[in-house]
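[1] How does the following fold in three dimensions:
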Amino acid sequence: MEESNEELVASEQSPIDQLPDELLGSIFLLNTVKEVEDGQLLHDPHTTTLSLLLVCKRWRDVAMSYPVLWSRIIDYEKHPSACVKELLRRSKTSLIEVGEDSVFKHVQLRYPRGKVVLHHMFEDPSRIKTLSLQIRLEPWIYICQNFLRHPATNIEYLNLITSCPFPDCLYPGPLFADAAPSLRRLHLQRCLIDFSSSVLSNLTELSVLDVVAPSILSMRKPDHPLKVAPTVGGWLRVLENIPSLRYLTLSGAITENRGEEESLLNVSLPNLIFLTVGAKFRGGVSLLEHLSIPPSCGIRLRFNRSGPRLDGTKLLAFLSNQLSYWPHDSPDRYLQAKILTGDRIHFGNSRRVGYIWDMTEEDVVKEHAQSSADPVLWLVVSLDNSNDTPMFFNQLLALYTPTYPTTTTLDLWLDEEFAMTNPNTLAFPAFTSLHSFTAVKNLSLLERSPLYLLPLFQYSSHPNRPLLPALRSLRLMRINFEDDQRVAYFTTIAFLLWRVEVHLPLMELQMIESKINKDTEESLSRLGNVKITLGSLDLPVDYTLDDDSD
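    So this is what the prediction gives:
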């Protein structure tokens, strides 16, 4: 029997023509995912989607009948406002995402175009699932009037960053008219809301940055009581009502209490995964003292202005309590311990200590988990008294002594300017702490730190008990071996020869972004009997040695 015309046509169709409309639409949707390589967008989802319409009538019909497809290809920054309006019309009632759910991937809107785009976005606030914007004062006012004061039943992520003079950006009313049941993640920078709003009670992520008025404005009486960031007591009252928090960041967000001592609640955050606090020393420590967080919670602290008389007892007690839960046998621990110009201390088990905060809290935790079984510890403290700096530094070292038998990588830095101006340099670091580092295989020293630290390691060693007995690799970063006096060269040679003398020779000397010529390199290798490795900070050198049998 001969095949019918319909069967013959079907047998000649390509496989994609036989896909159901629902599956074809899902393929179209996958094509809207942005692919980025080396910071460059590999394809424009908007252009690609419009090209689908030209393939055939069926593809056009499928695309036009799939509203969510059109909501995914809107470029709120670049598309003309008329284009944004049309794409929103095609997306019908599907939820829309303005920017990505990351504080670092926001949409910048500028007036006057920005006002028109905002108008189109806010025609139905219930459609907005994600709103991540960087704005100025005029857009902020418009957002307050046309979005923050209305119910937003599907908003899950809100990130608002303003670049207007603080503290002019305040929304004092009930956020979303107390009707945003899906809101879970809130990030605010240089803008304030009423943090007692009931819609915050289900948050899992809260980030508030740069909402403390500059010193020059701190004496000016605000025209609204909420134009002042909460004090420690105020934040504790806020946090008491948000028990589900998993990520909390308060940086430049705690107003110093200049009046009578306020009563402070003890608040438990049993689900917290990562805590970030950037504040003046006293306020930051006071907040920590009244927070109860899980032992596994990562900690990132940046404290400054300790006052003329440093009392680090409470901070050390908090850190000691967290450390008491760490496992004793975690392998291959890393520690960074540095004193820098300006009486700053960098201390912690994260290689990002001292770097700008350019990763989401969740990404920081994930990255750290790849190299450590311990929670993140990230501490930057700026002290007001140079005499306090080495003392507090040694207290930190002593506090973390239980981890040193399993610390295999150590970064030490004594800033040259601090060493030249501080009479207590010889007290850094404490000899007793140095002798506790029995497992360190890899030691990193930055800039001119080797000039002070390498002789210290040598002279403070006991005859039968040299410091750092397991050391195999020395990493020197940004050091000049070719200056007029070649002090770095002779200091390094003396240290290498001493290690040979005590029968603990190094196997490798890593030179990272350092000034060294070929003759000096060969001389160091020959006299010190070590392998020389050159590298850069952009391309980290592998710490794995060729032979670790010792």
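
[2] So I532 belongs to a strand, correct?
    Yes: applying DSSP: H, G, I helix; E, B strand; the rest coil, one finds I532 inside a strand.

[3] for the stretch 101-250 of the chain, what spans make up the helices?
    113-121, 137-143, 232-239 (DSSP state H, counting those that start in this stretch).

[4] Just list what the first one packs against, helices and strands only.
    I take that to be helix 113-121. helix 81-90, helix 137-143 (3 or more Cβ pairs under 8 Å, 6 or more residues apart in numbering; DSSP states H and E). C-betas here are computed from N, CA, C, even on glycine.

[5] about what we covered before: out of the helices of the stretch 101-250 of the chain, which one sits most buried?
    The highest average neighbour count among the helices of the stretch 101-250 of the chain, using mean count of other Cβ atoms under 10 Å, belongs to helix 232-239 at a mean of 21.

[6] Pull the residues that contact that one.
    195-196, 200, 230, 245, 248, 250, 253-255, 257, 262-265, 267, 269, 283, 286-287, 290-291 (Cβ atoms under 8 Å, 6 or more residues apart in numbering).

[7] and of the helices and strands packed on helix 113-121, who's closest to V117?
    Checking those against V117 by Cβ to Cβ gives helix 81-90 as the closest, at 5.4 Å.

[8] for the closest one, which positions count as buried?
    S81, V84, K85, L87, L88, R90 (16 or more other Cβ atoms under 10 Å).

[9] With respect to W59, which of these is nearest?
    Closest to W59, out of all of the buried residues of helix 81-90 and judged by Cβ to Cβ, is R90, at 15.2 Å.

[10] what sits against the closest one?
    By Cβ under 8 Å, 6+ apart, the neighbours of R90 are M64, P67, W70.

[11] Which residue ranges of the stretch 401-550 of the chain form strands?
    For the stretch 401-550 of the chain, the strands defined by DSSP state E, counting those that start in this stretch occupy 407-414, 442-446, 473-477, 508-512, 531-535.

[12] tell me the angle the first one makes with strand 442-446.
    Interaxial angle, strand 407-414 versus strand 442-446 (axes from the mean of the first three to the mean of the last three Cα atoms, to 10 degrees): 20 degrees.

[13] List the pairing partners of strand 407-414 within its sheet, with orientation.
    The sheet places strand 407-414 alongside strand 333-340 (parallel), strand 442-446 (parallel), with pairing taken from DSSP bridges.

[14] Show me how the record splits this protein into domains.
    For the chain, automatic domain parsing gives the domain ranges 16-73, 441-550.

[15] wait, which of the helices of the stretch 101-250 of the chain is closest to A179?
    Across the helices of the stretch 101-250 of the chain, closest to A179 is helix 137-143 (Cβ to Cβ), at 16.8 Å.

[16] mind saving the C-alpha coords of the closest one as PDB?
    Only the C-alpha atoms of helix 137-143 are listed here, as PDB (Å, rounded to 0.1, in the frame of the first residue of the first chain):
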ATOM      1  CA  LEU A 137      17.900  60.300  44.000                       C
ATOM      2  CA  GLU A 138      15.100  60.900  41.500                       C
ATOM      3  CA  PRO A 139      14.700  57.200  40.600                       C
ATOM      4  CA  TRP A 140      14.700  56.400  44.400                       C
ATOM      5  CA  ILE A 141      11.800  58.800  45.000                       C
ATOM      6  CA  TYR A 142       9.900  57.300  42.100                       C
ATOM      7  CA  ILE A 143      10.500  53.700  43.300                       C
END
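
[17] Give me the residues contacting it.
    Residues outside helix 137-143 that contact it (Cβ under 8 Å, 6+ apart): 109, 111, 114-115, 118, 122, 133, 135, 160, 162, 164-165, 168-169, 191.

[18] likewise stretch 246-256?
    Residues beyond stretch 246-256 that count as contacts (Cβ under 8 Å, 6+ apart) turn out to be 204-212, 228-232, 234-235, 239, 269, 271-280, 282-284, 287, 302, 357, 361-362.

[19] how about CSV for the strands paired with strand 407-414, with mean pLDDT, mean neighbour count and distance to W378 added?
    Shown next, in CSV, are these (pLDDT from 0 to 100; neighbours: other Cβ atoms under 10 Å; distance: least, Cβ to Cβ, whole Å):
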stretch, mean pLDDT, mean neighbour count, distance to W378
strand 333-340, 89, 22, 9
strand 442-446, 91, 22, 17
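
[20] With distance to A488 added, can I get the ones you listed in a markdown table?
    Shown next, in a markdown table, are these (distance: least, Cβ to Cβ, whole Å):
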| stretch | distance to A488 |
| --- | --- |
| strand 333-340 | 18 |
| strand 442-446 | 10 |
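
[21] out of those, nearest to H503?
    Among those, strand 442-446 sits nearest to H503 (Cβ to Cβ), with 18.0 Å.

[22] Distance from the chain centre to the closest one, please.
    23 Å (Cα atoms, centre = their mean, to the nearest Å).

[23] which intervals of the chain have sub-threshold pLDDT?
    Along the chain, segments meeting pLDDT under 70 span 1-13, 39, 165-167, 215-223, 225, 259-260, 306-310, 416-432, 484-485, 537-550.

[24] how about the strands in the stretch 1-150 of the chain?
    Under DSSP E, counting those that start in this stretch, the stretch 1-150 of the chain gives strands at 36-37, 40-41, 96-98, 107-108, 128-135.

[25] Which among those strands is found nearest to T491?
    It's strand 36-37; of the strands of the stretch 1-150 of the chain, that one is closest to T491 (Cβ to Cβ) at 44.0 Å.

[26] can you state the direction angle for the longest helix along the chain and strand 473-477?
    Longest helix in the chain by number of residues (criterion: DSSP state H): helix 487-501. Interaxial angle of helix 487-501 relative to strand 473-477 (the same axes, to 10 degrees): 170 degrees.

[27] list the helices and strands helix 487-501 packs on?
    helix 449-459, strand 473-477, helix 518-528.

[28] Need the contact partners of the second one.
    So that's strand 473-477. With Cβ under 8 Å, 6+ apart, strand 473-477 has contacts from 441-447, 450, 488, 492, 495, 506-514, 537, 541, 543, 545.

[29] Then stretch 200-217?
    By Cβ under 8 Å, 6+ apart, stretch 200-217 touches 103, 166-167, 175, 181, 183-192, 220, 228-229, 238, 241-242, 244-255, 271, 276, 278, 361.
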